[in-house]
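Chemist: build me a model from this:
(one chain, ligands or ions: 1)
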Amino acid sequence: MEAYLDHAATTPIHPAALQTQIEVSALVGNPSGSHRAARVAKDLLESSREEIGRLLGAAASEVIFTSGGTEADNLAVFGSISEGKIAVASAIEHHAVLDSVRASGGKLINVTGTGIIDLEALERFLKENGKEVGVVSVMTANNETGVIQPMAEVRELVRKHSPSALLHTDAVQAPRYLDVADIAAGFDLVSISGHKFGGPKGIGALVVKGSAQIKPIFHGGGQERELRSGTPNLPGAAAMAVALNHAHGERAPSVKRVRDLTEKLRDGLSAKFSTIKPNGQEEPQLCNITNYCFDGLNSEEILFLLDSRGVYASAGSSCASGALNPSHVLIEMGRSKREASGSLRLSLGTTTTEEEVDYAIEVIGDVVLGLADKKGVAWV
Ligand code: PLP
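Modeler: Numbers count the residues shown, from 1 in each chain. Alright, predicted model coming up:
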């Protein structure tokens, strides 16, 4: 038996998206060319763009295809700042935003113990430095805790104190479970990534709304409205449009199904270790992510033992070598390094079954209680 509880890392590709990706991969035309084969490719690229725009509340011309969420985030941050302007972001952003803001000399805003951006701290900073801010980036929902950020409040503060700044949201975790067009309304820049909602890996987009002025971060043919160069990933774009269409159309039943399964998982686990509560549960959360800190245990050990019994999950941040660092998200929420070093993220998806959840409860119970016993940890 296996249980894949790592849908926040990547989702299985939707069969219709896979079919599209395979079929479109057989087309020879380069969408930038002018002969008939190129025009076929161009038409398909543009209809995919239109579909994605429609589903995200944007015009087709506002959708810039990228290689994924990381590139979209980098383009949003570095593309929005110029001499004398800085980027501002919450301290719990994905590394694609966080490290871009750090590398550009920007400012990170603290979060509360419940896992949302500290709105007072944001307001204080914007009041004093509003004129120097080029972009404010706040993720729609956090990829480790699932906590949904106070988007409307952020938008209001930025428009009030820093009206010339662009507003960016990394909505990478959102499209399956939230209406991105609605929740990110009024944001200038929105990042998405195909493989987080049933599309292929290696394709994403940055929505660049209307009057937002950004500049490219690398140079070449300028294929994507002069903002992104390189021959577009046509099979990826077409398949991502199909996946987004399914994610959008199936959102209500997906949310219900995945929420029920997540509740079952949480109930089952709290029957095993009642004193351990999921992180971020005081705030609205995505229905698919549950995150625990097992104080005194080690994430790597937990994951290794889960893996050996076919339960696939993750911890917090991992570096390129695959080694685990304590999650910056949990540390920013005020968890100790020791607590954050024992984190476990369980993320469900639309393909998760009741049987997987039952099996995961049993195995996680065995592994966590076994390790706690071995280490003499007393919280259970
Ligand atoms: N932003 C968030 C919130 C994510 O969860 C991820 C992926 O884990 C990314 C950005 C990066 O996306 P990609 O894997 O498409 O580069």
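Chemist: near the ligand, which residues of the stretch 51-200 of the chain?
Modeler: 68, 69, 70, 73, 94, 96, 139, 143, 170, 172, 173, 193 (Cβ under 6 Å from any ligand atom). Using the backbone N, CA and C atoms, a C-beta is placed for each residue, glycine as well.
Chemist: strands - which of these land there?
Modeler: 170, 193 (DSSP state E).
Chemist: next, give me the two most distant ones among the residues of the stretch 51-200 of the chain next to the ligand.
Modeler: Greatest spatial distance in these: 68 and 139, 15.3 Å, computed using Cβ to Cβ.
Chemist: who's more crowded, those two?
Modeler: residue 139 (28 against 23; other Cβ atoms under 10 Å).
Chemist: what distance do you get for the residue lying closest to the more buried one once chain neighbours are set aside to residue 35?
Modeler: Nearest residue to residue 139, sequence neighbours excluded (Cβ to Cβ, 6 or more residues apart in numbering): residue 170, at 4.3 Å. Using Cβ to Cβ, to the nearest Å, residue 170 is found at 38 Å from residue 35.
Chemist: ends of stretch 272-286, what's the gap?
Modeler: One end of stretch 272-286 sits 23 Å from the other (Cα to Cα, to the nearest Å).
Chemist: break the chain down into its domains, please.
Modeler: 3-11+251-375, 15-249 (automatic domain parsing).
Chemist: tell me which residues touch the residue nearest to residue 139, please.
Modeler: By Cβ atoms under 8 Å, 6 or more residues apart in numbering, the residues touching residue 170 are 69, 72, 73, 76, 93, 94, 96, 97, 137, 139, 140, 191.
Chemist: got the contact list for the residue in the stretch 201-350 of the chain that the ligand sits nearest to?
Modeler: Per Cβ to the nearest ligand atom, residue 204 is where the stretch 201-350 of the chain lies closest to the ligand, at 5.1 Å. When contacts are counted by Cβ under 8 Å, 6+ apart, residue 204 touches 65-72, 172, 191-194, 240.
Chemist: by neighbours, which of these wins?
Modeler: Ranked by neighbour count under the definition other Cβ under 10 Å, the contacts of residue 204 are headed by residue 194 with 33 neighbours.
Chemist: any idea how far that one is from residue 367?
Modeler: For residue 194, the distance to residue 367 equals 32 Å [Cβ to Cβ].
Chemist: one more: residue 376?
Modeler: 16 Å.
Chemist: neighbour-wise, which of those two wins?
Modeler: residue 367 (23 against 7).
Chemist: just checking, the more buried one touches residue 308?
Modeler: No: Residue 367 lies out of contact with residue 308 (Cβ atoms under 8 Å); the separation is 9.0 Å.
Chemist: which stretches of the protein form strands?
Modeler: Going by DSSP E, the chain shows strands at 3-4, 63-66, 86-90, 107-109, 133-137, 166-170, 189-193, 204-208, 289-293, 311-312, 343-347.
Chemist: residue 359 - how many residues pack around it?
Modeler: 18.
Chemist: quick one, what contacts it?
Modeler: Contacts of residue 359 (Cβ under 8 Å, 6+ apart): 1, 3, 310, 311.
Chemist: again with residue 178
Modeler: 140, 141, 148, 171, 286.
Chemist: and it, backbone torsions?
Modeler: Torsion angles at residue 178 (phi, psi; degrees, to the nearest 10) stand at phi -130, psi 160.
Chemist: could you do the one 10 residues further on as well?
Modeler: Summarising the backbone geometry of residue 188 under the convention degrees, to the nearest 10, its torsions are phi -80, psi -30.
Chemist: how near is residue 351 to residue 7?
Modeler: Residue 351 is 8 Å from residue 7, by Cβ to Cβ.
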